[in-house]
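**Q** Starting from these lines, generate the structure:
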Amino acid sequence: MNRRHILTSALVAGVAAQVAAPALAAPKRRISQIVARDGTRLHHRDFGAGPKTLVFTASWALDSRMWDYQVAHFAALGYRCIAWDRRGHGRSDVTSAGWDMDTLADDLAAVLEQLDLRDVILVGHSMGGAETIRYLARHGAARVRKAALIAPVGPFLLQAGDNPYGAPRSVFEGVWAQYAADFPKWAYENQAAFFTPQTSRPLQEQLTRQLLEVPAPVAIAAQKALITADLRGDLSKIGRPVLILHGDKDASAPLAATGARFAAGIRGAELKVYPGAPHGIWVTHLAQVNRDLEAFFGG
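**A** The predicted structure follows:
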């Protein structure tokens, strides 16, 4: 047999072997950029390569970097960790449009759909928790296995005849006026209450600087979307296991008006209250949060 015949036979045998061999699982899809329905480009970080996937949605005025300590922990345990920047935050496009909870939930849907993610666990802090709930109510849970809400804000923060847990709109308008006049002053005046006295000064400064990278108009628009959203009707639609972690010293989202209301409205939700924990619970109580999340993810 000449060399040409040898090469041809080897090629045919190789193709036949590939056809006969069991199909390998397709690798998890990784793309460089996600595009929302209105064309807004959404930045995301994709770290780790485990068979289970976590999707992290950030707090109001923070971005995917806030999750660094969770991503490092869970990637080391074999999870694929995806953290994304809300529109107007981090490296995502800054836009004056799309500041309503439906559009923000649609942005989360774009993350899951364009990365072709399935059987994921959603993790949201503060505003990210509200977006997670609206996503599940609006898009369903076909792609989701579980959801963890850390110090979630909602389900409805405006005072109304049927909502004694809310505050008058004038209270929030006063805060928005402070953002518009001197956002850095507001941020530093409220920094201490977000953390604990034991939180290192460099970590506090790092997260405050990250917050101030968000343009003031975006901060105002995003918080208006959060404050005016009524998620109470969404809670009965959540058909997946939900864990809620909340501190009883949370000045930004008081437990009785927020986390406890989510727990009361979501069937089967588990609420774990952290004594003495503030709104920045995911870093101030890092080890405990990671342990509780790990137990929930593996259950």
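**Q** which residues of the stretch 51-200 of the chain fall in helices?
**A** For the stretch 51-200 of the chain, helices defined by DSSP state H, counting those that start in this stretch occupy the ranges 68-76, 101-114, 127-139, 169-189, 191-194.
**Q** Buried deepest among those, which one?
**A** helix 127-139 (a mean of 25; mean count of other CB atoms under 10 Å). Using the backbone N, CA and C atoms, a C-beta is placed for each residue, glycine as well.
**Q** Pull the residues that contact it.
**A** Helix 127-139 is contacted by residues 56-60, 86, 101-102, 104-109, 122-124, 144, 147, 149-155, 222-223, 226, 229, 231, 233-235, 237-240, 262 when judged by CB atoms under 8 Å, 6 or more residues apart in numbering.
**Q** And the buried ones among the residues you listed, selectable in ChimeraX?
**A** In ChimeraX, a selection of the buried entries from those looks like this (16 or more other CB atoms under 10 Å):
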select :56,57,58,59,60,86,101,104,105,106,107,108,109,122,123,124,144,147,149,150,151,152,153,154,155,222,223,226,229,231,234,235,238,240,262
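**Q** Filter the contacts of helix 127-139 down to the ones in strands?
**A** Judged by DSSP state E, those include 56, 57, 122, 123, 124, 144, 147, 149, 150 as members of strands.
**Q** can you redo these as JSON lines with distance to residue 95 and pLDDT?
**A** Converted to JSON lines, the ones in strands among the contacts of helix 127-139 look like this (distance: CB to CB, whole Å; pLDDT from 0 to 100):
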{"residue": "56", "distance to residue 95": "21", "pLDDT": "99"}
{"residue": "57", "distance to residue 95": "18", "pLDDT": "98"}
{"residue": "122", "distance to residue 95": "23", "pLDDT": "98"}
{"residue": "123", "distance to residue 95": "24", "pLDDT": "99"}
{"residue": "124", "distance to residue 95": "21", "pLDDT": "98"}
{"residue": "144", "distance to residue 95": "26", "pLDDT": "98"}
{"residue": "147", "distance to residue 95": "26", "pLDDT": "98"}
{"residue": "149", "distance to residue 95": "26", "pLDDT": "98"}
{"residue": "150", "distance to residue 95": "26", "pLDDT": "99"}
